[in-house]
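Trainee: Below are the sequence and a predicted model; questions follow.
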Amino acid sequence: MEFPKRWLKILLAPLMFLSLTSCFEKLPMSTVHSVTEWGNDINELYLITTIVVTFVFFMVSIPFCYAMWKFREKEGDETIPKQVKGNHVLEILWTVIPVILLIIIFIPTFKLIMKQYAEPPEDALVIEAIGHQWWWEFRYPEYGIVTANEMYVPEQRPVTIKLKSADVIHSFWIPRWGGKVDNIPGEVNTINYVTPALEDPAKADYYQGHCVELCGLSHARMRYEAVVLSAERFETWTKVAKSPPKVTTALQKKGQELFMSKTCFTCHAIEGTAAKGLIGPDLTNFGDRRTLAAGTLPNDAEGMHTWLRDSVDAKPPYQNVKPGSLMVFGEGFELTEEDIKALTAYLHNSTAKTF
Ligand code: CUA
């Protein structure tokens with residue numbers, strides 16, 4: 001009795017699929033477990049569309065399978081089936097039903113597009129998200145703050161993100177927030193969210209973001225994080241985020257000297273110092289970041305060592321960590337192990353951490 005077992009498996013398959021997708025809930029890049037209204041609205045629209053297309057699927061496949069079985073060729077039966085040409089009732093039905101179904105999908109789609117591109121409220125926090133090959137710059141015009149690869153926002157606040165590009169087309173996407181809008185050179189696209197509520201008000205919530213437009217050699221290494229803070233913590237952050245690194249130890253002092261004398265300062269900026277470079281990520285409050293090189297390495301001593309060593313030793317564009325990256329030093333440039341330690345000590349002491 002193989003037959004019933006096979007059918008049991010077929011019947012259980014959708015249940016297995018559902019239980020599998022429920023496992024994805026905690027995955028940082030799940031699109032079906034959104035935490036914003038943007039994302040929930042899109043998921044609702046997906047649901048309506050899925051119901052409609054499932055209905056169409058069964059409307060077509062059931063009569064089709066039935067006809068295949070009922071009118072199959074039988075042994076010894078030579079009769080030619082009755083030839084039918086034209087049927088007004090059927091023709092009207094298969095025109096009207098799809099039109100109705102399309103209207104059912106069109107109305108909520110149109111309403112959602114209008115809602116998502118409506119003018120944001122006056123008090124919305126404006127953030128500029130600028131795509132670079134291959135990292136993200138976040139600017140807060142209201143506060144004069146610049147960060148890289150980590151976008152800080154207060155919880156449950158309307159934010160307007162203005163998407164720009166410094167070079168090629170990138171695409172802004174935080175899967176759990178919904179939406180996916182391109183950063184196009186010479187254009188400004190916007191995306192409006194109401195930021196999610198904190199799961200635990202005493203902590204910060206991190207949401208993974210990724211560039212989703214093939215933008216060159218290290219496109220796969222162009223991540224960022226949206227960091228949600230409580231309203232008070234965000235306010236504190238805006239006040240301390242522009243503080244330069246504290247230099248207290250001899251090692252940090254050496255790191256600062258190296259940063260300002262080696263080529264670092266020509267590409268990177270650090271608020272409150274002579275470093276005003278605009279080519280690479282702004283390194284003010286670099287110590288707060290969880291990753292470096294746009295989500296490529298953990299931002300700890302080992303990560304810094306790997307990153308700096310590779311930037312000195314590897315021959316571009318064949319770097320091991322981030323191929324094609326502009327983070328390369330010229331021919332004959334040297335960084336000793338002691339230099340790397342000093343630079344790490346200096347940069348990691350720049351922190352505005354309020355969470
Ligand atoms: Cu930027 Cu892909």
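Mentor: Happy to help now that I have it.
Trainee: So in terms of bridging, what pairs with the most centrally placed residue in the chain?
Mentor: Taking CA atoms, centre = their mean, the centroid of the chain lies closest to Gly209, which sits 2.6 Å from it. Taking DSSP bridges as the rule, Gly209 bridges to Tyr224.
Trainee: Report the contact partners of it.
Mentor: For Gly209, the contact set (CB atoms under 8 Å, 6 or more residues apart in numbering) comprises 136, 151, 172-175, 223-226. From N, CA and C alone the C-beta is placed, and that goes for glycine too.
Trainee: ok, it to Tyr224 distance?
Mentor: Distance from Gly209 to Tyr224, counting by CB to CB, to the nearest Å: 4 Å.
Trainee: His305 now?
Mentor: His305 sits at a distance of 23 Å from Tyr224 (criterion: CB to CB).
Trainee: now do Gln133
Mentor: Relative to Tyr224, Gln133 is positioned 14 Å away (CB to CB).
Trainee: Show me which of those two is the more surrounded one.
Mentor: Taking neighbours as other CB atoms under 10 Å, Gln133 and Tyr224 compare with Tyr224 leading, 28 against 19.
Trainee: Which pLDDT value goes with Lys239?
Mentor: pLDDT for Lys239: 86.
Trainee: Confirm it sits in a strand?
Mentor: No. Assigned with DSSP: H, G, I helix; E, B strand; the rest coil, Lys239 falls outside any strand and is helix.
Trainee: For it, the count of nearby residues, please.
Mentor: A total of 12 residues lie near Lys239 under the criterion other CB under 10 Å.
Trainee: repeat for the one 5 residues further on
Mentor: Pro244: 15 surrounding residues under other CB under 10 Å.
Trainee: For it, give me its contacts.
Mentor: 270-273, 284, 350.
Trainee: from the stretch 51-200 of the chain, which residue is nearest to the ligand?
Mentor: Residue of the stretch 51-200 of the chain nearest the ligand, by CB to the nearest ligand atom: His170 (3.5 Å).
Trainee: doesn't Asp182 make contact with that residue?
Mentor: Yes. Using CB atoms under 8 Å, His170 makes contact with Asp182 at a distance of 7.2 Å.
Trainee: the more surrounded of these two?
Mentor: Per other CB under 10 Å, whichever of His170 and Asp182 has more neighbours is His170, with 30 against 16.
Trainee: Which residues does the closest residue to the more buried one other than its chain neighbours form beta bridges with?
Mentor: Distance criterion CB to CB, 6 or more residues apart in numbering; nearest residue to His170, sequence neighbours excluded, is Gly131 at 3.0 Å. As for beta bridges, Gly131 partners with Trp136, Ser165 under DSSP bridges.
Trainee: and Gly131, how many residues sit next to it?
Mentor: Residues contacting Gly131 under the criterion other CB under 10 Å number 27.
Trainee: Would you agree it is in contact with Cys211?
Mentor: Yes. In this structure, Gly131 is within contact of Cys211 by CB under 8 Å, at 6.5 Å.
Trainee: Need the overlap of contacts for the two.
Mentor: Residues touching both Gly131 and Cys211 (CB under 8 Å, 6+ apart) are 170-172, 222.
Trainee: Now these in CSV, please, with extra columns for distance to Thr195, secondary structure and pLDDT.
Mentor: Shown next, in CSV, are these (distance: CB to CB, whole Å; DSSP: H, G, I helix; E, B strand; the rest coil; pLDDT from 0 to 100):
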residue, distance to Thr195, secondary structure, pLDDT
His170, 21, strand, 97
Ser171, 20, strand, 97
Phe172, 15, strand, 97
Met222, 22, coil, 95
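Trainee: so which of those is the most crowded?
Mentor: His170 (30 neighbours).
Trainee: who's in contact with that one?
Mentor: Residues in contact with His170 (CB under 8 Å, 6+ apart) are 131, 182-183, 211, 213, 215, 222.
Trainee: okay, and the common contacts of His170 and Asp182?
Mentor: Glu213.
Trainee: related to what we said a few turns ago, among the shared contacts of Gly131 and Cys211, give me the pair with the biggest separation.
Mentor: Phe172 and Met222 (10.6 Å; CB to CB).
Trainee: just the helices in the stretch 151-300 of the chain please.
Mentor: Secondary structure of the stretch 151-300 of the chain (DSSP state H, counting those that start in this stretch): helices located at 231-240, 250-261, 264-267.
Trainee: nearest to the ligand, of these?
Mentor: Comparing these by their distance to the ligand (CB to the nearest ligand atom), the top pick is helix 264-267, with 18.7 Å.
Trainee: Average the pLDDT values over that closest one and round to the nearest integer.
Mentor: In this model, helix 264-267 has an average pLDDT of 87.
Trainee: where does the stretch 151-300 of the chain come near the ligand, residue by residue?
Mentor: Neighbours of the ligand within the stretch 151-300 of the chain, by CB under 6 Å from any ligand atom: 170, 211, 213-215, 219, 222.
Trainee: Kindly indicate the member of the residues you listed with the most neighbours.
Mentor: Counting neighbours by other CB under 10 Å, His170 leads those with 30 neighbours.
Trainee: So what sits opposite it in the bridge?
Mentor: Assessed by DSSP bridges, His170 has beta-bridge partners Asn183.
Trainee: Okay, now the unreliable bits of the stretch 201-350 of the chain?
Mentor: 316 (pLDDT under 70).
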